[in-house]
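Asks: This is a predicted model, with the sequence first.
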Amino acid sequence: MDGAVVVFDGVAGVEPQSETNWRYADDYKVPRICFINKLDRLGGSFERSFQSIVERLSPFAVRMQIPDGEEDQFKGVVDLLAMKYFIFEGVHGEQITEQPIPEHIKDRAEELRNVLIEKVVEQDESAMADYLEGKEIPMERLMSIIRKATIENKIILVFTGSALKNKGVQFILDAVVNYLPSPTDLPPVSGTDPKTAQEIKREARDEAPFSALAFKVATDPYVGQLTFFRVYSGTLSSGSYVLNSSTGQTERISRLLRMHANERAEIKEALAGDIVATVGLKATKTGDTMCEEAHPIILEKIVFPEPVISLRIEPKTKADQEKMSLSLKKLSDEDPTFRIKTDEETLETIISGMGELHLDILVDRLKREFGVNVNTGRPQVAYKETVTTMSEAEGKYIRQSGGRGQYGHVWLRVEPKERSSGFEFADELKGGAIPSEFVPAIQKGIKEVLDKGVVAGFPLVDLKVTVYGGSYHDVDSSEIAFKIAGAMALQEGVKRSKPVLLEPIMKVEVIIPDKFMGETTGDLSSRRGRIEQMNDRPLLSLKVIDAKVPLSEMFGYATSVRSLTEGRGTFTMEFSHYEEVPNNIAQLVIEGKK
């Protein structure tokens with residue numbers, strides 16, 4: 001995002017979710033302006049909402065407007081910068097009429113305009129000098145200083161109105177144009193050359209080579225799959241071909257759409273800085289880069305973590321069964337962190353995602369958007385298995401029946417590797433102990449055991465398997481015999497190598513008002529959490545707790561943190577790494593799995 005308009009409810013002011021999104025904007029240094037909405041509702045209060053922004057979000061907030069009246073008395077707004085008063089008439093507030101500022105708010109408006117001008121001139125030394133000398137600063141200069149300060153996040157402008165009746169909305173749209181950054185105010189976007197991996201920069205100019213990032217894929221019931229993308233440089237015409245540099249495939253842009261909420265307007269071309277959608281791309285997913293074939297570039301990739309939680313899902317009726325797999329496929333195309341697989345043993349469909357809430361929403365969307373009713377099982381943590389010591393093991397498969405028999409004999413060595421280093425297969429056979437054509441079959445048998453695990457049926461990771469010996473029979477040896485021998489040898493080797501379970505550890509950031517510090521840290525410790533650091537946000541009286549907590553202990557945490565903090569605490573959670581499960585917990589997991 002280049003800039004944001006943050007909308008607040010004039011009755012509630014800053015809500016917990018407002019704080020969460022504000023922090024995201026802080027993290028990415030996104031310039032923003034505020035709009036206090038719904039002032040015509042019962043209980044609406046501009047001043048109370050404005051104070052909640054100053055106290056809980058930013059001391060740099062400054063009023064650009066004040067309302068004339070509140071609740072059912074809300075008539076118009078005073079523009080403090082221009083010292084003008086506007087009322088909104090007509091069915092949809094589309095007729096804006098300028099009138100003299102009413103006497104009952106004139107003094108207040110003068111007082112607050114002085115506050116605004118002081119805040120603005122503080123951002124510019126020469127303007128400050130002129131102001132102290134009593135000179136009147138021209139409107140264009142004030143607007144230029146405000147724009148620069150807003151883009152640098154040194155000032156947060158606050159506007160007001162009622163969106164339902166279009167009162168004040170026109171001014172917030174003008175403010176987006178006047179004060180938030182345009183694509184040319186930002187540094188050129190950087191990417192890498194797919195062939196040389198060198199950095200390339202692209203300026204936001206229509207004449208530059210075309211580059212765009214697909215940031216969202218959505219299924220529209222009327223037009224099919226919509227791909228939303230932001231054009232960073234160059235121009236794109238409908239009917240042209242583009243290169244998806246992330247996959248190397250070429251796609252045809254058949255139609256370009258400008259989206260107005262749920263309405264679509266067809267356009268012929270998109271220019272640098274535009275956000276548009278197109279229909280019917282086959283190979284483009286979220287996070288892919290589209291560019292000219294003659295000037296390839298890969299823009300900064302979106303990093304998608306591996307799913308850490310799974311859920312068993314089944315259709316309620318026969319009619320739902322046919323629709324379910326199709327609908328799940330569409331959802332996984334939209335969301336790269338959502339995966340679907342079938343359990344080979346039970347033939348159940350397993351969906352995996354980033355957390356309880358993630359999967360809850362996807363199940364809800366299946367019903368709401370696709371009309372598919374499903375039953376779900378208990379959430380299941382994605383445990384893994386690994387080995388801790390080196391061992392050697394033999395696998396011998398001999399079957400003799402009438403006629404040709406089966407003979408496979410393998411010796412292999414199992415040893416642990418570093419966390420997250422994956423699986424490695426090595427062939428150290430000498431002197432033709434086993435013919436080379438049987439080695440792939442041994443590897444296949446080993447792979448099957450890796451997928452199914454040995455201790456509790458979870459995948460085996462981070463180990464090296466070396467085949468170093470064995471024997472064969474000229475007539476009876478076959479690929480299937482060596483595949484089974486390889487699987488038997490690995491199962492035996494893993495059992496001798498002191499296998500352990502690994503569990504996903506989550507990096508958790510909890511943000512709470514400081515008075516709830518004790519209860520929150522106590523609750524995290526009871527969940528086997530390790531608190532790594534605590535930081536203050538003194539301006540907002542907040543504490544930020546960084547902790548590492550096992551995923552299995554985080555079920556229901558959203559409810560817990562809300563009840564501990566009167567609904568004001570929030571948390572974010574992302575996958576960190578895998579770690580060995582303590583023995584007592586591992587035993588419960590193994591028993592539960594069996």
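Replies: Sure thing, it's come through. Numbering: from 1, shown residues only.
Asks: Now do the strands in the stretch 201-350 of the chain.
Replies: Taking DSSP state E, counting those that start in this stretch as the criterion, the stretch 201-350 of the chain carries its strands at 211-220, 224-233, 236-237, 241-244, 249-252, 256-260, 263-267, 269-270, 275-279, 289-291, 298-299, 309-315, 339-342, 349-353.
Asks: Include distance to residue 573 and mean neighbour count when you put those strands into JSON lines, please.
Replies: Backbone N, C-alpha and C define where each C-beta goes, glycine included. Compiled in JSON lines, these are given as follows (distance: least, CB to CB, whole Å; neighbours: other CB atoms under 10 Å):
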{"stretch": "strand 211-220", "distance to residue 573": "22", "mean neighbour count": "19"}
{"stretch": "strand 224-233", "distance to residue 573": "26", "mean neighbour count": "21"}
{"stretch": "strand 236-237", "distance to residue 573": "38", "mean neighbour count": "18"}
{"stretch": "strand 241-244", "distance to residue 573": "32", "mean neighbour count": "18"}
{"stretch": "strand 249-252", "distance to residue 573": "34", "mean neighbour count": "14"}
{"stretch": "strand 256-260", "distance to residue 573": "31", "mean neighbour count": "16"}
{"stretch": "strand 263-267", "distance to residue 573": "36", "mean neighbour count": "12"}
{"stretch": "strand 269-270", "distance to residue 573": "36", "mean neighbour count": "20"}
{"stretch": "strand 275-279", "distance to residue 573": "29", "mean neighbour count": "20"}
{"stretch": "strand 289-291", "distance to residue 573": "29", "mean neighbour count": "26"}
{"stretch": "strand 298-299", "distance to residue 573": "27", "mean neighbour count": "21"}
{"stretch": "strand 309-315", "distance to residue 573": "11", "mean neighbour count": "19"}
{"stretch": "strand 339-342", "distance to residue 573": "18", "mean neighbour count": "13"}
{"stretch": "strand 349-353", "distance to residue 573": "12", "mean neighbour count": "20"}
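Asks: what about the ones you listed, which gets the closest to residue 398?
Replies: Among the strands of the stretch 201-350 of the chain, strand 339-342 comes nearest to residue 398, with 33.7 Å by CB to CB.
Asks: avg pLDDT for the closest one?
Replies: In this model, strand 339-342 carries a mean pLDDT of 87.
Asks: what's the answer for stretch 226-237, then?
Replies: Stretch 226-237 shows a mean pLDDT of 93.
Asks: go on, stretch 241-249?
Replies: 90.
Asks: gap between that stretch and the chain center?
Replies: On the basis of CA atoms, centre = their mean, to the nearest Å, stretch 241-249 sits 23 Å off its chain's mean C-alpha point.
Asks: what residues does it touch?
Replies: 194, 210, 212, 236, 250-253, 282-285, 287-293, 296-298, 301 (CB atoms under 8 Å, 6 or more residues apart in numbering).
Asks: okay, how far is it across it, tip to tip?
Replies: One end of stretch 241-249 sits 10 Å from the other (CA to CA, to the nearest Å).
Asks: Likewise for stretch 521-531?
Replies: End-to-end for stretch 521-531, by CA to CA: 8 Å.
Asks: in that stretch, what's buried?
Replies: 521, 523-524, 527, 529, 531 (16 or more other CB atoms under 10 Å).
Asks: between the residues you listed, which is closest to residue 417?
Replies: Among the buried residues of stretch 521-531, and counting by CB to CB, the member closest to residue 417 is residue 529, at 27.6 Å.
Asks: from what I can see that closest one touches residue 547, true?
Replies: Yes: using CB atoms under 8 Å, residue 529 is in contact with residue 547, at 4.6 Å.
Asks: which residues do these two both contact?
Replies: With CB under 8 Å, 6+ apart as the test, residue 529 and residue 547 both reach residue 508.
Asks: Share the number of residues neighbouring the closest residue in space to residue 254 that isn't next to it in sequence, please.
Replies: Leaving aside its sequence neighbours, residue 254 sits nearest to residue 280 (CB to CB, 6 or more residues apart in numbering; 5.8 Å). Counted with other CB atoms under 10 Å, the neighbours of residue 280 add up to 14.
Asks: ditto for the one 5 residues further on
Replies: Counted with other CB under 10 Å, the burial measure for residue 285 works out to 19 neighbours.
Asks: about what we covered before: list the contacts for the residue nearest to residue 254?
Replies: Contacts of residue 280 (CB under 8 Å, 6+ apart): 224-225, 254-255.
Asks: any chance of those in a markdown table, plus distance to residue 561?
Replies: Shown next, in a markdown table, are the contacts of residue 280 (distance: CB to CB, whole Å):
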| residue | distance to residue 561 |
| --- | --- |
| 224 | 40 |
| 225 | 36 |
| 254 | 47 |
| 255 | 45 |
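Asks: any idea which of those residues is the one closest to residue 327?
Replies: residue 225 (12.9 Å).
Asks: give me every residue that touches the closest one.
Replies: 217-219, 279-281, 330, 333.
Asks: just so I know, which of the strands of the stretch 201-350 of the chain lies nearest residue 199?
Replies: strand 298-299 (10.7 Å).
Asks: In a markdown table, list the strands of the stretch 201-350 of the chain along with distance to residue 421.
Replies: Output for these, formatted as a markdown table (distance: least, CB to CB, whole Å):
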| stretch | distance to residue 421 |
| --- | --- |
| strand 211-220 | 32 |
| strand 224-233 | 36 |
| strand 236-237 | 42 |
| strand 241-244 | 31 |
| strand 249-252 | 31 |
| strand 256-260 | 44 |
| strand 263-267 | 48 |
| strand 269-270 | 44 |
| strand 275-279 | 40 |
| strand 289-291 | 29 |
| strand 298-299 | 26 |
| strand 309-315 | 24 |
| strand 339-342 | 22 |
| strand 349-353 | 22 |
